[in-house]
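**Student:** Only the shape, not the letters, is given here:
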C-alpha cells in the first residue's frame, strides 16, 4: 500500500467531499411522508433505515482480507458521509487502483468527454478509464484478486454506469477474478417502462443491454441478469457476489445522497431524466448549461411556450450544451413533485407536434434510435401516433422483459 498510507492522515481524510459536487437531499428522513400521485401520502420511515451495500462493512471486508483489490467507483461511492476509498484504506485493504466511468472518478467530467488514465491528486490512487477503449484494462484487472463495483445508477438503460459494470464483469470473467457489487437503491426502481432494446444494430454505450428503457433493477440485480442470461462473451459467467441493500424494496422512495453526474443535481432531475433524455437526439435544450438541467425544456422559438431561459456554462456543463447562448422558449418543470414523475412520452410528442421544423426535429436520428433502443419510436412519433398507440406497440416485449426481470430480483417488487 506504500505511497497511499504515507499520505493517509494528511490527504485521504480530505478526499472527495471538498469537491464541487453538491450533495442531494439525503436519504429521506425518519418519519417523513411523500405525496403520491393519488394525493395520499406514503410513510417513508423505512427509507431512513436503508443500508447500502457499501455501508455493511462486516459483509465484505472479510472477503477482501489478504487480497489485492481494484475498485470501480466515483463520487457516489460513499459510506455515510465518507468515501469508500477512505474506509477501505483505514481497514488496511490493499487497494491497487480505481476504474472511472463516464464523468470521471469525481463526477466532474462532461458527458461524452474522454476520461483519461491518471492519478488521483488527493490520494495518489492510480486511475484508469473504462469509458471508451482502454487497451491496458485486461492487464490491470489481471493484477488484482477482487474487483469492487460501487456506482450509483439511476435506473435508465441509457445511463452508462451499467455499461461500465458489464465491462468490469467481462474483464473479471476473462481472468477468473471475483466481482463484488456493493448494491445501492434505484431511485427510479418503482417503474419498468419504455421499449426493450432491439437487435445489436442499436447496441451502444447508451443501449448496451436488451432491457427496458426504464429497467427497474438495482445494479446488483442487473449484474445477476447479465450472468444469468449469458450476456458476457460466449455465455461465460463471472464469479459474482452482491452485497444487498438492507431495508429496501422497489416501492421505497429514495433520494440520492450524492449527485450521480453534473446534470442530475437533485431528485426532480433524476426522476425527469427518464423522460427527457430522449431529447438528446434533438436540438431541444433540456437545461444543460443552466442551474436546472433536466428540469426545463426549450428552443429558440416562442411556439414552444412562454417560459424562457438561456443555456450558458456551468461546472460539468460547458461543452455539448444545446442552444448555448440562445434565448429558449418552453416549459418550466421545476415545481413538479419529484416522486410523482414517471416515464412519459408526452413532452417529446408535444414538442414534435409544435415544431415548425418537423423534418429536422430529430437532428441526430441515429443517436436518438440508440437512446430508444429501436428506430420504431422515432418513426411512430413522426407518423403522428399517440402515446397510448406507441405504448401498445411495445407491450408484448415489455411484458416478456418483466417476466425475465422477476427471476433476478433481490428485493420485493413494487407490483
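**Tutor:** The structure has been received and is ready for your questions. Bear in mind the structure is a predicted one, so any value in this text is a computation, not a measurement. Numbering: from 1, shown residues only.
**Student:** Quick one: residues contacting residue 271.
**Tutor:** 187-188, 338-339, 341-342 (Cβ atoms under 8 Å, 6 or more residues apart in numbering). From N, CA and C alone the C-beta is placed, and that goes for glycine too.
**Student:** Follow the chain on from the helix or strand harbouring residue 349 and name the next helix or strand.
**Tutor:** In the assignment (DSSP states H and E), residue 349 maps to helix 346-354. Along the chain past helix 346-354, the next helix or strand (assigned with DSSP H and E) turns out to be helix 365-372.
**Student:** Which parts of the following helix or strand past that next one count as buried, going by neighbours?
**Tutor:** Where DSSP H and E defines the elements, the next helix or strand beyond helix 365-372 is helix 376-382. For helix 376-382, the neighbour count (16 or more other Cβ atoms under 10 Å) marks 377-378, 380-381 as buried.
**Student:** which residues of this structure score low on pLDDT?
**Tutor:** The model of the chain has pLDDT under 70 over residues 1-48, 102-117, 120-122, 131-135, 318.
**Student:** rewinding a little: could you identify the buried members of the contacts of residue 271?
**Tutor:** Using 16+ other Cβ under 10 Å, the buried ones in those are 187-188, 338-339, 341.
**Student:** between the residues you listed, which is closest to residue 397?
**Tutor:** residue 188 (19.4 Å; Cβ to Cβ).
**Student:** Now do the same contact list for the closest one.
**Tutor:** Contacts of residue 188 (Cβ under 8 Å, 6+ apart): 154-156, 214, 216, 270-271, 274.
**Student:** mind listing which of those are in helices?
**Tutor:** Within the contacts of residue 188, residues falling in helices by DSSP state H are 270-271, 274.
**Student:** Make TSV out of the residues you listed and add distance to residue 302.
**Tutor:** Shown next, in TSV, are the ones in helices among the contacts of residue 188 (distance: Cβ to Cβ, whole Å):
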residue	distance to residue 302
270	30
271	28
274	28
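**Student:** wait, which of those is closest to residue 83?
**Tutor:** After measuring the ones in helices among the contacts of residue 188 against residue 83 - Cβ to Cβ - the closest member comes out as residue 270, at 20.8 Å.
**Student:** follow-up on the earlier one: quick one, the helix holding residue 349 and helix 365-372 angle?
**Tutor:** Counting by axes from the mean of the first three to the mean of the last three Cα atoms, to 10 degrees, helix 346-354 lies at 160 degrees to helix 365-372.
**Student:** which of the contacts of residue 188 are buried?
**Tutor:** 154-156, 214, 216, 270-271, 274.
**Student:** Quick one: the contacts of residue 188 as CSV, columns for distance to residue 97 too.
**Tutor:** Formatted as CSV, the contacts of residue 188 follow (distance: Cβ to Cβ, whole Å):
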residue, distance to residue 97
154, 26
155, 28
156, 28
214, 33
216, 32
270, 29
271, 34
274, 33
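**Student:** what's the neighbour count on the closest residue to residue 316 other than its chain neighbours?
**Tutor:** In this structure, residue 316 finds its nearest non-sequential neighbour in residue 262, 2.6 Å apart by Cβ to Cβ, 6 or more residues apart in numbering. When neighbours are defined as other Cβ atoms under 10 Å, residue 262 has 23 of them.
**Student:** wait, residue 262 sits on residue 320?
**Tutor:** No - counting by Cβ atoms under 8 Å, residue 262 sits too far from residue 320 to count as a contact (11.3 Å).
**Student:** before we move on, the earlier item: closest to residue 74 out of the buried residues of helix 376-382?
**Tutor:** residue 377 (30.3 Å).
**Student:** Enumerate every residue touching that closest one.
**Tutor:** Per Cβ under 8 Å, 6+ apart, neighbours of residue 377: 195, 278, 369, 390.
**Student:** and of those, the nearest to residue 242?
**Tutor:** residue 195 (27.2 Å).
**Student:** Let me know the secondary structure of that closest one.
**Tutor:** strand (DSSP: H, G, I helix; E, B strand; the rest coil).
**Student:** distance of it from residue 378?
**Tutor:** 11 Å (Cβ to Cβ, to the nearest Å).
**Student:** which residues do these two both contact?
**Tutor:** residue 372.
**Student:** Hmm, residue 329 is touching residue 296, no?
**Tutor:** No - with contacts counted by Cβ under 8 Å, residue 329 stays clear of residue 296, the gap being 10.7 Å.
**Student:** Between these two, which is the more surrounded one?
**Tutor:** Set residue 329 next to residue 296 and count neighbours by other Cβ under 10 Å: residue 296 wins out with 25 against 17.
**Student:** I'd like the buried residues of helix 376-382 laid out as a markdown table, including distance to residue 140.
**Tutor:** Rendered in a markdown table, the data for the buried residues of helix 376-382 read as follows (distance: Cβ to Cβ, whole Å):
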| residue | distance to residue 140 |
| --- | --- |
| 377 | 38 |
| 378 | 39 |
| 380 | 43 |
| 381 | 43 |
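**Student:** Relative to residue 412, which of the residues you listed is nearest.
**Tutor:** Among the buried residues of helix 376-382, and counting by Cβ to Cβ, the member closest to residue 412 is residue 377, at 31.0 Å.
**Student:** Can you report phi and psi for residue 212?
**Tutor:** Dihedral pair for residue 212: phi -60, psi 150, per degrees, to the nearest 10.
**Student:** I appreciate the help and will end here.
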